[in-house]
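**Student:** here is a sequence with its predicted model. Questions after.
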Amino acid sequence: MGDGADPQVWEVFRQEKDGDPMRHAGNLRAPDRDLALHYAREFYGRRQESARLWVVPRTEISDLSDPDLLKPPLDRSFKKPGGYVMRDKLDQAKRRARKEADR
Amino acid sequence: MTAEPRRPTRQLIQPDLPAFDSAALDPARRAALAELLLTLADDEFVIGFRDSEWTGIAPMLEEDVAFSSLAQDEIGHARLWYEMRSALTGEDPDGLAFGRQPDQYRHARLLDHPRNGWAFTMVRRWLYDTADAVRLAALAGSSFVPLAEVVAKVRREERYHLMHLDAWLARLAEHSGTPRGKVQAALKALAPDALSVFTPLDAEQALIEAGVLEAPMTELAARWLREVNARLAALDLRQLPHTDPPVDGRSREPVHESFAWLWEEFTSVARLEEGAQW
């Protein structure tokens, strides 16, 4: 960013504690990367609620929200793990195992 | 009005002020520490009120939040220093903060200036925070352990203040034209009072001999000048003249007009009803 540029929007991600995933926290305006981090610290970190913060210029984020790609109209249930019904097979296997153990 | 003892308005999970036995200190050492603590407390208290004037009118919303938070941090540090002094002298910390006459405050003259514009406020705060950092570093190894403990905590918070002010100084200085001109003008206007943070203390020698303060204020001032002038040179800004700190840099004779106004402001609620319990 050059001198005196208008503030741009930064998306802020925060990690609540070490080992947690980074989650989207919100966004803010800042004229450069340093101030973006400072403001992120004020908005999402000054009450000791964050272990780590990331700031990303919104313009650097690629967006995909096309329903043709994300919500196709045809049945896709076979692509989900739930498409295979395991419950009955699992019950049978457990019964078999108990019988083996009782013997 | 019944004089019930004041109850704390909030319960701290972990008290910031370490407990200590002030009776174990000899009176001369206690008095020396009390003088030092009053200068630390008044500096933080006055800059905290000065900078909180930007709440609601800073250049942008995000900075408004950030700078108000920085101002609030300084009031928090002032509270610690007033409480530590009170633990030594038996004074009431609220009485110290709000119950004195304007000429009894011992903050550095640098903090007497009104906030003026944004560039002026940034330059003044940068000068103060960098000076405060040198002073805190000289207290970090204090033989008076409660002081060293609080200094360690305060320095961790001041790191972020320094980063923020340094980012702003660079932003304004690198922006040719009006902002840069205003930074230069502020440096010129503040130069005569910049060293007042290092005004020698009456008890300075005693503090050094007791291992509380690492070096005389004049030496700390020279350290600070080297640091800030190197940074100013890197930004191609005007230098601060190499002089000794003023001897009267914390005297209120006469009380600066702008501080008299600020005092009216920050004591206005406390003066509504003397002795009221909040």
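**Tutor:** Received the coordinates, thanks.
**Student:** tell me which parts of chain B are close to chain A?
**Tutor:** B:60-63, B:65-66, B:69, B:160, B:163-164, B:167, B:171, B:174-176, B:179 (CB under 8 Å from any CB of the partner chain). Using the backbone N, CA and C atoms, a C-beta is placed for each residue, glycine as well.
**Student:** quick check: residues of chain A near chain B?
**Tutor:** So far as CB under 8 Å from any CB goes, chain A lies against chain B at A:3-4, A:7, A:28-32, A:34-35, A:38-39, A:41-43, A:46.
**Student:** where's the dip in pLDDT among the residues you listed?
**Tutor:** Minimum pLDDT across those is recorded for residue A:3, with 45.
**Student:** in chain B, which spans are helices?
**Tutor:** B:27-52, B:61-89, B:93-98, B:118-139, B:145-173, B:178-194, B:204-209, B:217-234, B:257-267 (DSSP state H).
**Student:** adding mean neighbour count, write those out as CSV.
**Tutor:** Formatted as CSV, the helices of chain B follow (neighbours: other CB atoms under 10 Å in any protein chain shown):
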stretch, mean neighbour count
helix B:27-52, 21
helix B:61-89, 20
helix B:93-98, 18
helix B:118-139, 22
helix B:145-173, 18
helix B:178-194, 18
helix B:204-209, 17
helix B:217-234, 17
helix B:257-267, 15
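**Student:** among the residues of chain A next to chain B, which ones are in helices?
**Tutor:** Reading helices off these with DSSP H, I get A:34, A:35, A:38, A:39, A:41, A:42, A:43.
**Student:** and for the second one, nearest residue in space, chain neighbours not counted?
**Tutor:** So that's residue A:35. Excluding the flanking residues, the one nearest residue A:35 by CB to CB, 6 or more residues apart in numbering or on different chains is residue B:167, at 6.0 Å.
**Student:** any idea how far residue A:17 is from the residue nearest the centre of chain A?
**Tutor:** The residue lying closest to the centre of chain A (CA atoms, centre = their mean) is residue A:23, at 5.5 Å. As for residue A:23, its distance to residue A:17 is 12 Å (criterion: CB to CB, to the nearest Å).
**Student:** the nearest residue to residue B:114 once chain neighbours are set aside and residue B:231, how far apart?
**Tutor:** Leaving aside its chain neighbours, residue B:114 sits nearest to residue B:258 (4.3 Å; criterion: CB to CB, 6+ apart). The gap separating residue B:258 from residue B:231 is 27 Å, by CB to CB.
**Student:** then residue B:63?
**Tutor:** 21 Å.
**Student:** same thing with residue B:210?
**Tutor:** Taken as CB to CB, the span from residue B:210 to residue B:231 is 33 Å.
**Student:** same question, residue B:48
**Tutor:** 24 Å.
**Student:** what residues do residue A:23 and residue A:17 have in common as contacts?
**Tutor:** Common contact partners of residue A:23 and residue A:17 (CB atoms under 8 Å, 6 or more residues apart in numbering or on different chains): none.
**Student:** residue ranges in the stretch 101-250 of chain B under the pLDDT threshold?
**Tutor:** Counting by pLDDT under 70, the stretch 101-250 of chain B shows no low-confidence range.
**Student:** one step back: switch the helices of chain B over to a markdown table; also include distance to residue B:243.
**Tutor:** Formatted as a markdown table, the helices of chain B follow (distance: least, CB to CB, whole Å):
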| stretch | distance to residue B:243 |
| --- | --- |
| helix B:27-52 | 20 |
| helix B:61-89 | 27 |
| helix B:93-98 | 31 |
| helix B:118-139 | 14 |
| helix B:145-173 | 22 |
| helix B:178-194 | 9 |
| helix B:204-209 | 18 |
| helix B:217-234 | 9 |
| helix B:257-267 | 23 |
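**Student:** okay then, goodbye and thanks.
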